[in-house]
Structures are given as C-alpha cells and as structure tokens.
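In: return a 3D structure for these sequence lines:
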Amino acid sequence: MFALTLAEGAELRPLEPWRAAEFAAHVDRVRADIRDYIPFAGTVVDEPAARRFLQAYADKQARDAARIYGIWVDGVLQGGTLFRTFDAGRGICEAGVWLAAEARGRGLVTAAVRHMIDWAFGERGLHRVEWLCDPRNTASAAVARRLGMTCEGLHRQAFTLDGERRDVQVWAVLAAEWPAGPASADS
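Out: Numbers count the residues shown, from 1 in each chain. Presented below is the predicted three-dimensional model:
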C-alpha cells in the first residue's frame with residue numbers, strides 16, 4: 001500500500017474493491033457535484049455497484065489496462081484520479097479525475113495527475129497521455145491546461161450521458177513535452 005502526499009492533510013492512494021462501502025458513500029455524497037460530467041455517478045448507486053466498479057478497475061489493473069486512485073483529505077475520500085485506459089504497447093493512456101466541491105481549489109487534482117504523468121512517462125515509458133472532457137467542463141479543461149497539455153480538438157457528439165449526446169474535447173501531452181523532475185503542484 002502506498003500513499004502520496006498531495007498537500008497538507010491530502011493523500012493519493014489506491015482505490016481498491018475492499019473500499020466499496022466507503023466509495024459508495026462518497027459517490028452518494030458527491031453525486032450532485034459530479035453527475036454532469038462523470039458517468040459512474042449514475043451507476044455507482046450502492047455498495048454492490050461500487051464493488052463491481054472497483055473490481056472492474058482491479059481486473060483491468062491486473063491486465064495493465066487501467067488504474068484508479070482516491071484522494072483523501074483529512075481522512076475522508078473526496079475524489080480520485082484514474083487511468084481510464086492504459087495501453088503500454090501503444091504507449092498511450094488517458095487520465096481522468098473527479099473531486100467533491102468542498103475539496104476544490106487546493107490544486108489536489110493537478111498534483112495527483114502530475115504524479116500519474118510522471119509515472120507513466122518516467123517509469124512506464126509511455127509516449128502520450130490524453131485527457132478527455134466535455135467542453136462545458138471548464139474546470140477540467142483548466143487542469144489540462146495547467147498540466148501543459150495541448151487542446152487537439154473536439155469530437156462532436158462522441159458519447160452519451162443521461163440520454164444526451166455530448167462533445168468531447170481532446171487534450172494531450174507527449175513525453176518529449178513533459179518537464180523532467182519531481183511531481184510538483186507549484187507549476
């Protein structure tokens with residue numbers, strides 16, 4: 001087990017199936033904050049659904065195809081980060097995030113994703129990290145911008161959420177563009 005310090009009182013840790021009850025309670029608490037942009041807000045509705053969701057990520061991690069982490073603030077699960085997709089063979093992964101409203105504004109997501117990108121490029125030798133978001137999610141796009149990602153374009157009506165066709169903004173950073181050095185929320 002590991003925990004990475006993101007800020008005073010805030011840590012990034014693996015989000016594993018044994019934490020299903022905590023995750024279900026968290027999603028229930030933050031559903032209103034995240035439902036407009038985070039698909040699992042509509043499917044993780046109880047502890048069994050949370051266990052299935054986290055187990056699916058554990059299975060994908062075992063195949064080196066995805067990973068999920070939680071962000072705890074003062075011991076309370078407040079959000080998380082994930083490699084929604086992770087393809088070491090192609091050298092490409094996609095990072096994603098969510099965070100409760102009361103935990104926003106401290107740079108926690110930026111710091112957490114910076115650690116993830118450092119690992120993807122430095123340890124795993126990936127070539128490209130992608131970030132996909134609804135263009136209406138300006139907070140998500142702002143994180144991508146702070147991470148030095150380039151907005152590459154828009155996939156029009158590329159996915160459906162709650163019966164509505166949604167656009168997807170595509171951001172990415174390449175290994176050659178990523179600054180060397182330890183993860184830091186300062187830049």
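In: state the distance from the residue with the largest distance to the centre of the chain to residue 42.
Out: For the chain, the largest distance from the centre (CA atoms, centre = their mean) belongs to residue 163, which lies 23.1 Å off. Distance of residue 163 to residue 42, computed by CB to CB, to the nearest Å: 11 Å. For the C-beta atoms, the positions are set from N, CA and C on the backbone; glycine is no exception.
In: now residue 134
Out: With CB to CB as the criterion, residue 134 and residue 42 are 14 Å apart.
In: so for these two, which sits in the more crowded spot?
Out: Applying other CB atoms under 10 Å to residue 134 and residue 42 shows that residue 134 carries more neighbours, namely 18 against 13.
In: could you pull out the helices for this protein?
Out: 20-34, 47-62, 108-118, 138-146 (DSSP state H).
In: I'd like the ones you listed as CSV, with mean neighbour count, distance to residue 70 and mean pLDDT appended.
Out: Output for those, formatted as CSV (neighbours: other CB atoms under 10 Å; distance: least, CB to CB, whole Å; pLDDT from 0 to 100):
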stretch, mean neighbour count, distance to residue 70, mean pLDDT
helix 20-34, 18, 8, 97
helix 47-62, 16, 10, 98
helix 108-118, 23, 10, 97
helix 138-146, 17, 17, 95
